[in-house]
Structure formats: C-alpha cells, structure tokens
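Chemist: Output the structure for:
(chains A and B)
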Amino acid sequence: GAGVSQTPSNKVTEKGKYVELRCDPISGHTALYWYRQSLGQGPEFLIYFQGTGAADDSGLPNDRFFAVRPEGSVSTLKIQRTERGDSAVYLCASSGRDSNIQYFGAGTRLSVL
Amino acid sequence: AQSVTQPDIHITVSEGASLELRCNYSYGATPYLFWYVQSPGQGLQLLLKYFSGDTLVQGIKGFEAEFKRSQSSFNLRKPSVHWSDAAEYFCAVGASGGSYIPTFGRGTSLIVHP
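Modeler: Numbers count the residues shown, from 1 in each chain, chains lettered A, B, ... in the order given. Prediction:
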C-alpha cells in the first residue's frame, strides 16, 4: 500500500496476556518509529529502528515491551504480561533515509481489561 | 532535552473565523518544528514543518506557522476555518540532527461551530 499500515486496528486483551502489534511501513523507508498515545496526550516515543537494528529504544517503559524488525521492513511491537496501564493507541511511523518527515499509520487501539 | 507546551487544551471558533493555535518549545539550539493534525481514528498528518530559512512557513490546507526564536514559539494560523478543520492539532520539536525523533505537545482540540 501507499501508506503506513497497522494491524489490528483494535485489540482487546485481558490483563496478563501477551500481545503483538504489527506495522507495515511505506515501501523503501529505512526508518521506523513506534509511539504510544494515551488519552488526551500527544504521542510518546518508544523505539526507533534504522534498518533492522534498534537505533534508540530509550522510550520503552520497561522490559515487558520489545520490538523487532527482522528484515528491515515490517515491525512487530510485543507486550508481555499486559497491564491495564498499557491501554493506549500505539502509533507507527516511517521515514525515508536522512528525512526529518515521518508518515504515521492510523494506529492500534489496545484495551487491556 | 527538548519539550513542547501547547497551553490551550480546547479552542472553539466559528466557521469562517480566523484561528491561531499556540506552541512554545524548549530546545538549546535551532530546532526542527512541526505541526501535525489528527482526525478521530486517523493517524497524524503533517501540516507543515520548519527546518531553517524563512520563518513564515506555508503548509497544506491553508495553514501557516511562524517561527519566532525570541519567543520560542511556533504558532499555527489559518485565516478562515472550515468545519472540516475540527480535529486535534499537535506541535512537535525535533533535534537538529541525529535520529529526528520529535517530542510532541499534548495537543489542542479544535472545535468548529457552524
């Protein structure tokens, strides 16, 4: 597709469960970013990939959060032992090499019951 | 570390009226500045950006913003608001160099009355 695609668009899970959120960036974009947006707040940075490697993961809140991008394209954000406080919209963005402009997906709304 | 303040949580305007959304930033050097718009259930769309040069920046949908270094501000303006402009607006500041990871403000919700 032409834009950043995120699946699923909505995910409801129970406290303690494991979830995976997928991001398919714009074709050819080397940089990929994950953000978390809580209700009434702006997006907060989680992790940034340049190619296959995590160039900056300083925004991950704890070790329950992990992300991969094994082939330098699709990325998966993984959350273990989910907590109610993890409920938020998780946004993915991608950008071309040496570009300051990020293109965002529509996000995955995660609800932890 | 950079930071952004959007002092207005909600702004209400009448259709056809002018609009100004405020944004103040904190950053030690010349920043990269952005305005994004987010409609319900949608991702963020870039309205405009400032990297260097002319301090008055034109964007999409008739929006403009002015970088004022002395006031550490990057306010967004539109001369005549349309009902379709109702959305959440986010100002963001990025470091000039490096990973370009922006820091976002908490957003301003624009309500447009007919």
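Chemist: Just checking: what are the partner strands of the helix or strand of chain A with the lowest mean pLDDT?
Modeler: Here the helix or strand of chain A ranked lowest by mean pLDDT, DSSP states H and E is strand A:53-56, holding a mean of 90. Looking at strand A:53-56 with DSSP bridges, its partner strands are strand A:44-50 (antiparallel).
Chemist: pLDDT (mean, whole number) over the strand it pairs with?
Modeler: Taken as a whole, strand A:44-50 has a mean pLDDT of 94.
Chemist: Now do it: distance to the chain's middle.
Modeler: Chain-centre distance of strand A:44-50: 8 Å, with Cα atoms, centre = their mean, to the nearest Å.
Chemist: Residues contacting that strand, please?
Modeler: By Cβ atoms under 8 Å, 6 or more residues apart in numbering or on different chains, the residues outside strand A:44-50 that reach it are A:30-38, A:54-61, A:65, A:67, A:69, A:72, A:75, A:77, A:90, B:99, B:101-104. In short, each C-beta sits where N, CA and C put it, glycine included.
Chemist: How about that strand, which residues are buried there?
Modeler: A:44-50 (16 or more other Cβ atoms under 10 Å in any protein chain shown).
Chemist: rewinding a little: mark which of the contacts of strand A:44-50 are buried, thanks.
Modeler: Buried members of the contacts of strand A:44-50, scored by 16+ other Cβ under 10 Å, are A:30-37, A:54, A:56, A:59-60, A:65, A:67, A:69, A:75, A:77, A:90, B:101-104.
Chemist: number of nearby residues for residue 18?
Modeler: Just so you know, I chose chain A. Neighbourhood size, A:Tyr18 [other Cβ atoms under 10 Å in any protein chain shown]: 11.
Chemist: try chain B instead
Modeler: For B:Ser18, the count of nearby residues is 10 (other Cβ under 10 Å).
Chemist: ditto for the one 10 residues further on
Modeler: The number of residues packed near B:Gly28 is 9, by other Cβ under 10 Å.
Chemist: Would you mind listing where the chain has pLDDT under the threshold?
Modeler: Defaulting to chain A. Within chain A, the segments meeting pLDDT under 70 span A:1, A:98.
Chemist: you looked at the wrong chain, it should be chain B
Modeler: B:96-99.
Chemist: Which residue lies closest in space to the spatially most central residue of chain B, excluding its sequence neighbours?
Modeler: Nearest to the mean C-alpha position of chain B, by Cα atoms, centre = their mean, lies B:Trp35 at 3.4 Å. Take B:Trp35 and drop its neighbours on the chain: the residue closest to it by Cβ to Cβ, 6 or more residues apart in numbering or on different chains is B:Leu47, 4.4 Å away.
Chemist: which parts of the helix or strand harbouring the one you found are buried?
Modeler: Using DSSP states H and E, B:Leu47 sits within strand B:44-50. For strand B:44-50, the neighbour count (16+ other Cβ under 10 Å) marks B:44, B:46-50 as buried.
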